[in-house]
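**Q** From the sequence below, what's the structure:
(2 chains)
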Amino acid sequence: MKGMTLIVKTITRLLLGFIFVFSVSIILFGHITPGGGFAGGVMLACVFILLVLAFGKKTALDIVSEKAISIWDSVGSLSFLEIALLGFFGGFFFKDFFSKGSPLKLFSGGTILWSNISIGIKVFASLFAAFMALAIFRVRRER
Amino acid sequence: MILLYGLLIFMIIGAVIAIETKDLLSSVISVGAMGLALSIVFLLLSAPDLAIVQVVVEVLALIMMLRLVVTREDVTVAHRYRYGEVFATTIGLIFFGVFIVFASIVFKEMPEFGNPLLRVSRQYITEGFDISHAANIVTAILLEFRAYDTLGEATVIFAAIVGALVILRGKGRNI
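**A** Numbering: from 1, shown residues only, chains lettered A, B, ... in the order given. So this is what the prediction gives:
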């Protein structure tokens, strides 16, 4: 996989930053506007998959390596579990221990924002890992 | 409402084409068209969260399926047995009839389209904003009231990805 033509590379270079910022905003504002951790995480995975498709797998693996993907995957799922376990300080599993804040602000809704961020990281890492498993491992075995 | 039924018919046609066509690539493409129609249906039923998730997941799944289909040889089994096909059609018709009978019984009991029961959910809708202080009620329900479900979902994704990586990786590891 050497990457695609110059047209695709140029368009990708122009659009990639916007898609990245949009996906991060969908994760961060998941408790205010439609969206959330899952949709934003899939979008973030799509950013890196676009990078793989346009520039070849080496460019994407320089940014996020195989080991880094697995570390991010574990970090995402463990931090979500951590948020659930920290509720024990308030009394029970999944207790909303954070301050609620005023509605319609970014830091409102207690643990929802942090759960969204951890789920976003987790979904991004898992879906990108699934794509890389299909893209890298088979190619390595065939050639 | 007419647009909704048109989209539903379009989705059914797409599903039939996806199953019946011989070419794997056109099958994948018709699955993609079906998913996009489903996302428009979600938008029409005023569920933007679901529509976003549906579009994005559909695109990602389409890329993965295309990657699988394009690089592989066509491995569809073409030969059919005549008696086996007659048997399969008879069994299929019998089960279709049984499904119709039971579905007609069940659908009489179910609430009307657009008028759900809302026993527990009514409390989420009326008091959800005061309890969670999150403006998006869908996220509030997913991560506040039903966070156990979301934790289980995350665990399922984690297990599936770990399993896929273990199966697909080229080199083994000595234990």
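**Q** number of nearby residues for residue A:41?
**A** 29 (other Cβ atoms under 10 Å in any protein chain shown). From N, CA and C alone the C-beta is placed, and that goes for glycine too.
**Q** tell me the pLDDT at it?
**A** As predicted, residue A:41 sits at a pLDDT of 93.
**Q** quick one: residue A:63 and residue A:47 touch, right?
**A** No - look at residue A:63 against residue A:47 with Cβ atoms under 8 Å: they stay out of range, at 10.3 Å.
**Q** residues touching the residue in chain B that chain A sits nearest to, list them.
**A** Residue nearest to chain A within chain B: residue B:134 (3.5 Å; Cβ to the nearest Cβ). By Cβ atoms under 8 Å, 6 or more residues apart in numbering or on different chains, the residues touching residue B:134 are A:31, A:32, A:103, A:108, A:109, A:110, A:112, B:128, B:140, B:144.
**Q** Ok, residue A:87 next?
**A** Counting by Cβ under 8 Å, 6+ apart, residue A:87 has contacts A:93, A:94, A:95, A:96, A:97, A:111.
**Q** rewinding a little: list buried residues within the contacts of residue B:134.
**A** If you count burial by 16 or more other Cβ atoms under 10 Å in any protein chain shown, the buried members of the contacts of residue B:134 come out as A:31, A:32, A:108, A:109, A:110, A:112, B:128, B:140, B:144.
**Q** Filter the contacts of residue A:87 to keep only those in contact with chain B.
**A** A:94, A:96, A:111 (Cβ under 8 Å from any Cβ of the partner chain).
**Q** hang on, the earlier thing: between the contacts of residue A:87, which is closest to chain B?
**A** Nearest to chain B among the contacts of residue A:87, with distances taken as Cβ to the nearest Cβ, is residue A:94, at 4.5 Å.
**Q** give me the number of residues near that closest one?
**A** Neighbour number of residue A:94 under other Cβ under 10 Å is 22.
**Q** and if you look at residue B:155?
**A** 13.
**Q** give me the element it is part of.
**A** Using DSSP states H and E, residue B:155 sits in helix B:147-168.
**Q** wait, does that helix contact chain A?
**A** Yes - counting by Cβ under 8 Å from any Cβ, chain A has neighbours in helix B:147-168: B:147-148, B:150-151, B:154-155, B:157-158, B:160-161, B:164-165, B:168.
**Q** can you put the residues you listed in CSV and add pLDDT and distance to residue B:86?
**A** Shown next, in CSV, are these (pLDDT from 0 to 100; distance: Cβ to Cβ, whole Å):
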residue, pLDDT, distance to residue B:86
B:147, 86, 52
B:148, 89, 48
B:150, 89, 47
B:151, 90, 49
B:154, 89, 47
B:155, 91, 45
B:157, 89, 42
B:158, 89, 45
B:160, 90, 38
B:161, 88, 43
B:164, 84, 39
B:165, 81, 44
B:168, 76, 40
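**Q** helix/strand/coil for residue A:104?
**A** coil (DSSP: H, G, I helix; E, B strand; the rest coil).
**Q** ugh, typo on my part, it should be residue B:22
**A** coil.
**Q** okay but residue A:30 is in contact with residue B:136, surely?
**A** Yes - between residue A:30 and residue B:136 there is a contact under Cβ under 8 Å: 6.7 Å.
**Q** shared neighbours of those two, anything?
**A** With Cβ under 8 Å, 6+ apart, residue A:30 and residue B:136 have common neighbours residue A:36.
**Q** between the two, which one's more packed in?
**A** residue A:30 (30 against 25).
**Q** Now do the contacts for that one.
**A** A:36, A:37, A:39, A:40, A:112, A:113, A:116, B:136, B:139.
**Q** What count of nearby residues applies to the fourth one?
**A** Spelled out, it's residue A:40. Counted with other Cβ under 10 Å, residue A:40 comes out at 29.
**Q** contacting residues around it?
**A** Counted by Cβ under 8 Å, 6+ apart, residue A:40 has contacts A:23, A:24, A:25, A:26, A:27, A:30, A:116, A:120.
**Q** got it, and the third one?
**A** Remark: with contacts taken as Cβ under 8 Å, 6+ apart, residue A:39 is in contact with A:26, A:30, B:49, B:52, B:53, B:56.
**Q** gap between it and residue B:52?
**A** Residue A:39 sits 5 Å away from residue B:52, going by Cβ to Cβ, to the nearest Å.
**Q** what secondary structure does residue A:93 sit in?
**A** Quick answer, by three-state DSSP: residue A:93 is coil.
**Q** Correct me if wrong: it contacts residue A:84.
**A** Yes - using Cβ under 8 Å, residue A:93 is in contact with residue A:84, at 5.8 Å.
**Q** element containing residue A:99?
**A** Applying DSSP H and E, one finds residue A:99 in no helix or strand.
**Q** for stretch B:153-173, the distance to its chain's centre please.
**A** Chain-centre distance of stretch B:153-173: 22 Å, with Cα atoms, centre = their mean, to the nearest Å.
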